[in-house]
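Asks: sequence isn't available, so here's the structure alone:
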């Protein structure tokens with residue numbers, strides 16, 4: 001487990017919205033697949049009006065998994081408690097196969113997720129798009145403030 005925390009911390013220090021490698025414009029188009037369940041809204045503005053099935057993804061990059069007021073499954077909450085903070089790299093792996101990602105992260109083959117959708121392509125683009133809604137700056141990441149507990153991707 002310490003290995004995962006160390007890897008997450010190292011990834012977080014290297015990941016910044018400015019360094020997301022995908023195409024955010026294409027990610028915006030691809031996010032249409034996600035908005036059936038997810039919205040993107042700050043406290044002041046709704047950027048993407050989506051469904052209520054999944055959590056709000058505003059600021060998901062740089063936040064602890066499973067930590068907003070959304071009703072998450074047990075495994076994603078456990079992953080957050082174990083140090084999972086989503087960044088542009090690990091959120092791609094999560095959206096590719098959420099159950100497999102959590103099973104590996106938690107080292108628990110019985111890990112489950114409420115997110116049944118598996119994104120088969122353009123994960124980097126969607127991650128880049130989500131990064132544009134992150135309040136985490138490179139300076140905050142360096143200070144370790146990116147682990148603020150506000151939410152994750154499902």
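Replies: Looks like it came in fine. Being a predicted model, the structure only gives us computed values, none of them experimental.

Asks: contacts, neighbours, all on C-alpha from now
Replies: OK.

Asks: so where do the helices sit in the protein?
Replies: With DSSP state H as the criterion, the chain has helices at 2-14, 24-30, 74-81, 90-96, 98-106, 123-131, 138-143.

Asks: would you single out the least confident of those?
Replies: Of all the helices of the chain, mean pLDDT reaches its minimum on helix 138-143 (a mean of 39).

Asks: number of residues surrounding residue 130?
Replies: When neighbours are defined as other Cα atoms under 10 Å, residue 130 has 25 of them.

Asks: residues near residue 30, how many?
Replies: The number of residues packed near residue 30 is 18, by other Cα under 10 Å.

Asks: now it: closest residue in space that isn't a chain neighbour?
Replies: Spatially, and ignoring its direct neighbours in sequence, residue 30 is nearest to residue 126 (6.5 Å; Cα to Cα, 6 or more residues apart in numbering).

Asks: for that neighbour, which residues are in contact?
Replies: 22-24, 26-28, 30-31 (Cα atoms under 8 Å, 6 or more residues apart in numbering).
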